[in-house]
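A.B. asks: kindly return the folded structure for what I paste below:
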Amino acid sequence: MSPMTLSVLLSSLALGTMITLSSTHWLLAWMGLEINTLAIIPLMSQLHHPRAVEASTKYFLTQATASALVLFSSMNNAWVLGEWNITELENPLSIITMTIALSMKLGLAPLHFWLPEVLQGLNLTTGLILSTWQKLAPLALIYQIYPNLNVSLLMLFAISSTLMGGWGGLNQTQLRKIMAYSSIAHLGWMMIVLILMPKLMVLNLSIYLLLTSTMFLIMITLTTTKISSLAISWSKTPTLTALASMTLLSLGGLPPFSGFLPKWLILQELTKHNMGVIASIMAFSTLLSLFFYLRLTYNLTLTISPNLTNAPLTWNFHYNYKIVLPLTMMLSITLLPLSPAIISLLL
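C.D. replies: Below you'll find the predicted structure:
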C-alpha cells in the first residue's frame, strides 16, 4: 500500500472517531461510525489473502447491521419524541435497539461471534487498530447515553462477556484469537462498572488500551502469531521476552502490576452497591482468563524449543518501536504504586 493511500485511510480513521466523539446529533454520530468502518476495511484486505478477504467481509456485514440498528433506533426516537440529541434517547424500543447495536459494534457477548474470526484474519498492525482505536467511538456513545440504556440488558451482556472471554480463550493456540477473547472479557468489566461509576470505566478503558497496545507491539516485534512460536522468542530478545511475561500477568489482573488496579476498584464498587454475587462471578471469570495468560507466560519463559538452530542468538534485535514499546511496557507494569494519584485525578 502506498504511503499516500495509507495516510488517507489513517486520517479517515481519526476523522470518523473525532466526528463521533464531538457530535451531539445522532446522524453525525452515525456518519462518524460509517467513516470509521469504511476506512479500516481497505487496511484489513491489503494482504489479498482469502482469510483477509473473509475477515473484511465479516467485519463489513456485522458493522453494517449494527449501523443500520443505530440509524433505526435514532430515527424511531426522533419519530416518537421529535428529538435528535444523543442524550435524549428515551423511547423504550430505541433504548433496547441502541444497546444491542452498540454492543454488536464493540463485540460484547453474545454478539461477539465476529471478533475472534475477524481478528484472526488480519495482520498484527491492523489487529492493533481494531482492538484499540475502533473501540473508542462506540464506547463514547455508550458513555453519553448510559443513564438511558437498558440496565438489565447491559448487565447481562457484561456478565456474558466476562464469562465468554474466559471460556473462549482456554483452547486457543492463535495469539490473535486469544487477544480477541481478552478484549471481550475486558469490555465486560467496562460495561459492568459503567452502570455504577462511569469515570471508573474511563480508567479501565485507559488501562486496557495501554495493555493491549503493549501486547500487540510485542507480537509485532517478535513476529509471532502462535503459542508454539513463543518458545523460541528468547533467542531473538531475552529482555523483551521476560518483560512480555509481566505484561501478560498484568493483562490477567495480578498484583503488583497495572492491570490489577481497575479490577480491584471495580470489585470494590460492586461490593459497595451490595452486588456481591455479580462481583464473585466477575472474579471467578478472571481466573479463566488468567489460565491462558499463565499458559502464554509459561511458553515464553519456562520452555525451550526442541529444535536446535545454527544461527547465533540475536541479542541486538532491531525493531521499529524503539520509543513506543518501552514506554507502554513500563506503564503497563508499574502503574499500581501511582494508584492513589490516578484515583484522585479520575474519580
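A.B. asks: pLDDT on the longest helix seen in the chain, on average?
C.D. replies: When every helix of the chain is counted residue by residue (DSSP state H), the longest turns out to be helix 50-81. Averaged across helix 50-81, the pLDDT comes to 93.
A.B. asks: what of stretch 166-179?
C.D. replies: Taken as a whole, stretch 166-179 has a mean pLDDT of 90.
A.B. asks: who touches that stretch?
C.D. replies: 112, 116, 119-120, 122, 124, 127, 131, 181-182, 184-185, 212, 215-216, 219, 224-228, 230, 285-289, 291-292, 296 (CB atoms under 8 Å, 6 or more residues apart in numbering). (Glycine included, C-beta is placed from N, CA and C.)
A.B. asks: give the buried residues for it.
C.D. replies: The neighbour-count check on stretch 166-179 (16 or more other CB atoms under 10 Å) flags G166, G168, G169, Q172, L175, R176, K177, I178, M179 as buried.
A.B. asks: please apply the same query to stretch 4-15.
C.D. replies: The neighbour-count criterion (16+ other CB under 10 Å) identifies L9, S12, L13 as the buried residues of stretch 4-15.
A.B. asks: residue contacts, the nearest residue to the first one once chain neighbours are set aside?
C.D. replies: Yep, that's L9 we're talking about. Among residues not flanking L9 along the chain, A39 sits closest, at 5.2 Å (CB to CB, 6 or more residues apart in numbering). A39 makes contacts with L9, L10, S12, L13, G16, as judged by CB under 8 Å, 6+ apart.
A.B. asks: mind listing what's buried in stretch 125-145?
C.D. replies: In stretch 125-145, counting by 16+ other CB under 10 Å, buried: 126-145.
A.B. asks: among these, which ones are in helices?
C.D. replies: With helices taken from DSSP H, the overlap with the buried residues of stretch 125-145 comprises 126-131, 136-145.
A.B. asks: before we move on, the earlier item: closest one of the buried residues of stretch 4-15 to V53?
C.D. replies: L9 (17.0 Å; CB to CB).
A.B. asks: list the contacts of the closest one.
C.D. replies: Taking CB under 8 Å, 6+ apart as the criterion, L9 is in contact with A39, I40, P42, L43.
A.B. asks: G127 reaches L115, doesn't it?
C.D. replies: No. G127 is not in contact with L115 according to CB atoms under 8 Å; the separation is 10.6 Å.
A.B. asks: related to what we said a few turns ago, so which other helices or strands are in contact with the longest helix of the chain?
C.D. replies: For helix 50-81, the packing partners by 3 or more CB pairs under 8 Å, 6 or more residues apart in numbering; DSSP states H and E come out as helix 26-44, helix 92-106, helix 114-120.
A.B. asks: how many neighbours does T237 have?
C.D. replies: Residues near T237, counting by other CB atoms under 10 Å, number 21.
A.B. asks: give me phi/psi at it?
C.D. replies: Comment: the main-chain dihedrals of T237 come out as phi -160, psi 100, following degrees, to the nearest 10.
A.B. asks: ok, the residue nearest to S183 when sequence neighbours are not counted to M215 distance?
C.D. replies: The spatial neighbour of S183 that comes closest, neighbours along the chain excluded (CB to CB, 6+ apart), is S131 at 5.4 Å. Using CB to CB, to the nearest Å, one obtains 9 Å as the distance from S131 to M215.
A.B. asks: go on, A244?
C.D. replies: 8 Å.
A.B. asks: cool, and T132?
C.D. replies: Remark: distance between T132 and M215 (CB to CB) = 11 Å.
A.B. asks: what is the neighbour count of the closest residue to G259 other than its chain neighbours?
C.D. replies: Here the nearest residue to G259 in space, its sequence neighbours aside, is S250; by CB to CB, 6+ apart that works out to 3.9 Å. Burial of S250 is recorded as 29 neighbouring residues (other CB under 10 Å).
A.B. asks: what does the pLDDT read for S250?
C.D. replies: pLDDT recorded at S250 is 93.
A.B. asks: what's the helix or strand for it?
C.D. replies: Counting by DSSP states H and E, the element that carries S250 is helix 238-252.
A.B. asks: now do Q172
C.D. replies: Applying DSSP H and E, one finds Q172 in no helix or strand.
A.B. asks: repeat that for L203.
C.D. replies: Assessed by DSSP H and E, L203 sits inside helix 198-222.
A.B. asks: can you check L261 too?
C.D. replies: Using DSSP H and E, the element containing L261 is helix 260-272.
A.B. asks: what comes up buried for the following helix or strand past that helix?
C.D. replies: In the C-terminal direction, the helix or strand that comes right after helix 260-272 (DSSP H and E) is helix 276-301. Using 16+ other CB under 10 Å as the test for burial, helix 276-301 gives 278-279, 281-282, 285-286, 288-290, 292-293, 295-297, 299-301.
A.B. asks: CA atoms only for the helix or strand just after helix 276-301, dumped as PDB, please.
C.D. replies: Tracing the chain past helix 276-301, the next element assigned as helix or strand by DSSP H and E is helix 324-334. Only the C-alpha atoms of helix 324-334 are listed here, as PDB (Å, rounded to 0.1, in the frame of the first residue of the first chain):
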ATOM      1  CA  VAL A 324       6.700   3.500  22.000                       C
ATOM      2  CA  LEU A 325       7.200  -0.100  23.200                       C
ATOM      3  CA  PRO A 326       9.500   0.600  26.200                       C
ATOM      4  CA  LEU A 327       7.100   3.400  27.300                       C
ATOM      5  CA  THR A 328       3.900   1.400  27.000                       C
ATOM      6  CA  MET A 329       5.500  -1.600  28.600                       C
ATOM      7  CA  MET A 330       6.800   0.400  31.600                       C
ATOM      8  CA  LEU A 331       3.400   1.900  32.200                       C
ATOM      9  CA  SER A 332       1.600  -1.500  31.800                       C
ATOM     10  CA  ILE A 333       3.800  -3.000  34.500                       C
ATOM     11  CA  THR A 334       4.400  -0.200  37.100                       C
END
